[in-house]
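[1] got a predicted model here, sequence first, then my questions.
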Amino acid sequence: MTSVAVVDYGMGNRRSVEKALEHVGARTAITSDHDELRAADGLVLPGVGAFPQAMRNLGQLGLPDVIIECVERGAPLLGICLGMQLLLDSSEEMGGAAGLGLIHGEVTRLQAGGLRIPHIGWNEVRFERASSLTDDLPPGGCAFYHVHSFAARPSDPEAVVGTTEYGERFGTIVARENVFGVQFHPEKSSRNGLSMLHDFVGICASVRA
Amino acid sequence: MILLPAIDMLEGKAVRLTRGEFDQSTVYDADPLDAARRWANDGARRLHIVDLDGARSGAPVNLEHVRRIAADVDVPIQVGGGMRTIESVRDVVNAGATRVVIGTAAYTDIDFLDEAIAELGDRVVVSIDARAGKLAGAGWTEQTDIPIETVIERLSARGVQRYVFSSIDRDGMLAGPDLDGARRVAEAVRGTYAYSGGVSTLDDLRALVELRQVNLSAVIVGKALYEGRFTVAEGQAVLDG
């Protein structure tokens, strides 16, 4: 059975992510244990909260190096919501902080053009290019559940796989090699979300095989 | 965060020392297994066992007690005291320890530390015993000038991921935890650590929770449990928030 470790750094939607991954057939563990993370076929980096606090917690647990090591070894990584933003080089949230730098670019406040912030609710994600993460989803795009005030701005447009329109159009699915990130919450996005997580588990399984 | 009951063994009995001094010991259980059973039955998720006879003599002495406890209780145990050679480490692992706590030798014998890490990975726990934020040496009788941050940085570089931080001034004093020290350690550790020293009330546990340090993963409690100031279940409930 494919194992996916949910990175535990004291913040966010760990249980719901774990349950969703189990639902799509992965063996999961919520852990901050370095060796357990290294042993997993793939990693999910969840997260709800502020970027600087998240990086601080990851740092205190010695996790940035372990995550990067796993990725460099080829393990697929999926960042969800704040976990996606952490993949980038930096964020301007609350005075700013450096991120994991796995996808180049920065995280800045959502330019919602007068619409309410945070951006909460179901919204259509448009697929901009093919990705193994969206293979089983309706062609062109589908709706996912969003909750966020900041948006990732990858410097390489090729890294933007999907976008959402909310006052502006911004990247909500990012990918670079075995690193994936989604701004929305697949674990709260019913069938399409589970389908995406299922595809991610499949990616983990294929790397392992 | 878990509550980690301490079982310190001296002359084969479960005792508490005051500030780590051997001549200030109080016997609580003639058989350490009784303490282990009590804490496990009360909901402990892991036990912290220190072989003080071993610490004094330089090699584990109470292996038989470790074996009996490991065979009897259902929870994982971490064992320290007298861990100075890889053979001693293997002995306690074979006796049933899931984690091994290394003290002074982690600082004085780098080859041994490297060997232990190579063999056990993150099952190695290094204890940092400090007085006023500086590392204390062998058996707490020596004092160094090395700040705990420097110590942690050096150990991290050798692959240590788990620590026990003991604030000696507080140990067995029921005088409240060293929150400043706990915070300093949390900032420096790249892994997880257990705090030890001075916890006597549920409010002390609350104060440690309030530090909101994600890598503070356990609180070691000794005397307060033996004296019935609170139960394992009550303490764990506070740590669970």
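    All right, it came through fine.
[2] contacting residues for B:Gly198?
    Taking C-beta atoms under 8 Å, 6 or more residues apart in numbering or on different chains, we find B:Gly198 in contact with B:167, B:169-171, B:173-178, B:204. Any C-beta I mention is one placed from the backbone N, CA and C, and that applies to glycine too.
[3] what about the helices in the chain?
    Here I'm looking at chain A. A:14-23, A:34-39, A:51-60, A:63-73, A:82-85, A:190-208 (DSSP state H).
[4] let me rephrase: I mean chain B.
    For chain B, the helices defined by DSSP H occupy B:32-41, B:52-57, B:63-72, B:86-95, B:105-108, B:110-120, B:148-157, B:179-188, B:202-210, B:223-226, B:232-239.
[5] how many neighbours does the one residue in chain B that gets nearest to chain A have?
    Distance from chain A to each residue of chain B (C-beta to the nearest C-beta) is smallest for B:Arg190, at 3.2 Å. Per other C-beta atoms under 10 Å in any protein chain shown, the neighbour tally for B:Arg190 reads 22.
[6] that one contacts B:Gly159, correct?
    No - B:Arg190 lies out of contact with B:Gly159 (C-beta atoms under 8 Å); the separation is 10.5 Å.
[7] what does chain B put close to chain A?
    Listed as neighbours of chain A in chain B under the rule C-beta under 8 Å from any C-beta of the partner chain: B:121-122, B:156, B:161, B:186-187, B:189-192, B:213-215.
[8] which one of these is nearest to A:Gly47?
    B:Val214 (12.5 Å; C-beta to C-beta).
[9] check contacts around that closest one.
    For B:Val214, the contact set (C-beta under 8 Å, 6+ apart) comprises A:9-11, A:32, A:57, A:60-61.
[10] among the residues you listed, which one has the lowest pLDDT?
    When the contacts of B:Val214 are compared by pLDDT, A:Met11 scores lowest at 87.
[11] is it true that it touches A:Ala54?
    Yes - using C-beta under 8 Å, A:Met11 makes contact with A:Ala54 at a distance of 5.6 Å.
[12] measure how buried B:Glu142 is and give me the count.
    Applying other C-beta under 10 Å, we find 10 residues neighbouring B:Glu142.
[13] what's the neighbour count on the closest residue to it other than its chain neighbours?
    Nearest residue to B:Glu142 in three dimensions, chain neighbours excluded: B:Ala136, at 6.5 Å (C-beta to C-beta, 6 or more residues apart in numbering or on different chains). When neighbours are defined as other C-beta under 10 Å, B:Ala136 has 22 of them.
[14] still on that earlier bit, next, format the contacts of B:Val214 as TSV and append neighbour count and distance to B:Ile102.
    As requested, those are exported to TSV (neighbours: other C-beta atoms under 10 Å in any protein chain shown; distance: C-beta to C-beta, whole Å):
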residue	neighbour count	distance to B:Ile102
A:Tyr9	26	26
A:Gly10	17	27
A:Met11	19	31
A:Ser32	24	21
A:Asn57	21	26
A:Gln60	23	22
A:Leu61	24	21
